[in-house]
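Colleague: Give me a 3D structure for the following:
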Amino acid sequence: MKKVFVLIAAAIVSVSAMAQVQFGGKVGFDMTNFWGSDVEHAMKPGYQVGLMMEYQFNDKFGIAPEVVFAAQGGKSKLFDLDISKQGFNLTATDIKYNTNYINVPVMFKYYVVPSFSIDFGPQVGFNVYSKIDAKGLDKPIDVKEATKTVDFGLGLGGTYDISDNAFVQARYTMGLTKVYKDEYVLDDNNAKNGNIQIAFGMKF
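Modeller: Numbering: from 1, shown residues only. Sure thing, here's the model as predicted:
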């Protein structure tokens, strides 16, 4: 009988612990750019899609690791000045930097109220695609060899639970490492990733 009670108690503890763990997925809209010294980039629209897990230690603290594919990068302009006897003509060409990552953020959560948390934590990203595109090019230029494989950053944002299963999320992730390798001479060698994210997700 004693063993039965022990097994029942263990099962209750196990079920209680599992009840604090939720899995889910999310999709979202991103506005990304490059930032850094002597780097002037406009925002470029992108997207994200991924999986997440949320574990709540108690009613105030939790942790939420994710695995997310994110289409990132930035936009800038290349100016060309043509001077002739008739005067001068300044033209601008939009340059798009398309850098896609598999990002793994680990967000520490503080629940202000049961339905809303402030999220903060580190992120590591793995570059899977890196090309530069501009009007007039036959095809995008592949610069993956010049792009660092691993990117580190910090994220800060919030999550609001619409219901027990649905949530919306806003976050800004600031890259801490350079996107491109120092040995390659590019106009944006000091560029770091920046990403504003708005996402919708479901927990199961």
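Colleague: Okay, now the unreliable bits of this structure?
Modeller: Of all residues in the chain, those with pLDDT under 70 make up the ranges 1-19, 38-40, 77-93, 184-189.
Colleague: Quickly run through the sheet partners of the lengthiest strand in the chain, with directions.
Modeller: Using DSSP state E to define each element, the chain has its longest strand at strand 87-113. According to DSSP bridges, strand 87-113 forms sheet pairs with strand 61-84 (antiparallel), strand 116-134 (antiparallel).
Colleague: Flag every buried residue along the last one.
Modeller: Spelled out, that is strand 116-134. Ser117, Asp119, Gly121, Gln123, Gly125, Asn127, Ser130, Lys131, Ile132 (16 or more other CB atoms under 10 Å). Glycine gets a C-beta too; all of them are placed from N, C-alpha and C.
Colleague: Most widely separated two among those residues?
Modeller: Ser117 and Ile132 (37.7 Å; CB to CB).
Colleague: Going by distance to Gln72, which of the buried residues of strand 116-134 wins?
Modeller: Gly125 (8.3 Å).
Colleague: Surely that closest one and Asn193 touch.
Modeller: Yes: between Gly125 and Asn193 there is a contact under CB atoms under 8 Å: 7.5 Å.
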